[in-house]
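Novice: coords below, sequence missing:
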Ligand SMILES: Nc1nc2c(ncn2[C@@H]2O[C@H](COP(=O)(O)OP(=O)(O)OP(=O)(O)O)[C@@H](O)[C@H]2O)c(=O)[nH]1
Ligand SMILES: [Mg+2]
Ligand SMILES: [Zn+2]
């Protein structure tokens, strides 16, 4: 039988067939031997509680650890303060797979300042922006109708309100956490990814995280910036990576304010990181 993994928890895989109540399964020895990780969102063949085969994936992510999604929804809020590097790196990895990228700015009950500044800074990077409040139900209906019929993953820092949004969208009462407790004790409330679905809505709630790697090779990083695309190919040197080359169209566009300067500055830092990582791998 073919089904979809809706939850992975301590070597148990929960498989749902056509949205039905999930069946607890284990993985066939061979899959374990190959160290093939089975991800939430994977389509699998299973029989008598044993998964035999993972179907080819449309896409997959390491963090959050999910497969086959249509939309990467990055969730932020005014508290905890957004980690812009984390947002950029999530976007970079999403760009490599071609999934749709949306920004959900939660906690709008506290104002729309953050939403407006992020919308400005990331205007080219996201396909769509939402200002919502899980607690006050602001913007939830619009978000729901947009996500209807798409398979979405909620990703982002701990305590931004991913689970609170799931509760508000589906009318559930999943466990949410207290911000101060998370900051003081570094405690995450959601500890594993799981698909939640009802009608046409299908969303993965994932555990919050603080660090991820940008996965592209250094020369490909620039292609993960839609901000640059209008100016690509206009630099003096072919193969310009827009770092220190002369007559760089990207740098000129930054100076003219046509590309957001903060995004570009972080690009330089992320490029360095990717470069260092490449050197590290080359040692082995
Ligand atoms: N003011 C305000 N607070 C909110 C809103 N949504 C969530 N919160 C609060 O944010 C805190 C964290 O909420 P969670 O939903 O547990 O956050 P999470 O992103 O799922 O966190 P992890 O599971 O650890 O990744 C809780 O104290 C919520 O009450 C909102 O719309 N406005
Ligand atoms: Mg959560
Ligand atoms: Zn250039």
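Specialist: Done, it's in. What you are looking at is a predicted structure, and each value in this text was computed from that prediction instead of being measured. Residues are numbered from 1 along each chain as shown. Ligands and ions are numbered 1, 2, ... in the order given.
Novice: tell me who's in contact with the residue nearest to residue 215 when sequence neighbours are not counted.
Specialist: Excluding the flanking residues, the one nearest residue 215 by CB to CB, 6 or more residues apart in numbering is residue 93, at 5.3 Å. C-beta: built from backbone N, CA, C; applies to glycine. Contact analysis of residue 93 by CB atoms under 8 Å, 6 or more residues apart in numbering lists 61, 62, 212, 214, 215.
Novice: show me where pLDDT drops low in this structure?
Specialist: 180-186, 280-284 (pLDDT under 70).
Novice: what does the longest strand along it contact?
Specialist: Longest strand in the chain by number of residues (criterion: DSSP state E): strand 2-9. Defining contact as CB under 8 Å, 6+ apart, one finds that strand 2-9 is touched by 13-17, 22-23, 38-46, 55, 192-195, 197.
Novice: can you point out the buried residues in that strand?
Specialist: Within strand 2-9, the residues that count as buried by 16 or more other CB atoms under 10 Å are 3, 4, 5, 6, 7, 8.
Novice: quick check, nearest of the residues you listed to ligand 1?
Specialist: Ranked by distance to ligand 1 (CB to the nearest ligand atom), the buried residues of strand 2-9 are led by residue 7 at 14.6 Å.
Novice: that closest one pairs with what?
Specialist: residue 14, residue 194 (DSSP bridges).
Novice: distance of it relative to residue 254?
Specialist: Distance from residue 7 to residue 254, counting by CB to CB, to the nearest Å: 44 Å.
Novice: likewise for residue 22?
Specialist: Look at residue 22 and residue 254: by CB to CB, they are 49 Å apart.
Novice: when those two are compared, which one has more neighbours?
Specialist: Comparing residue 22 with residue 254 by other CB atoms under 10 Å, the one with more neighbours is residue 254, at 22 against 19.
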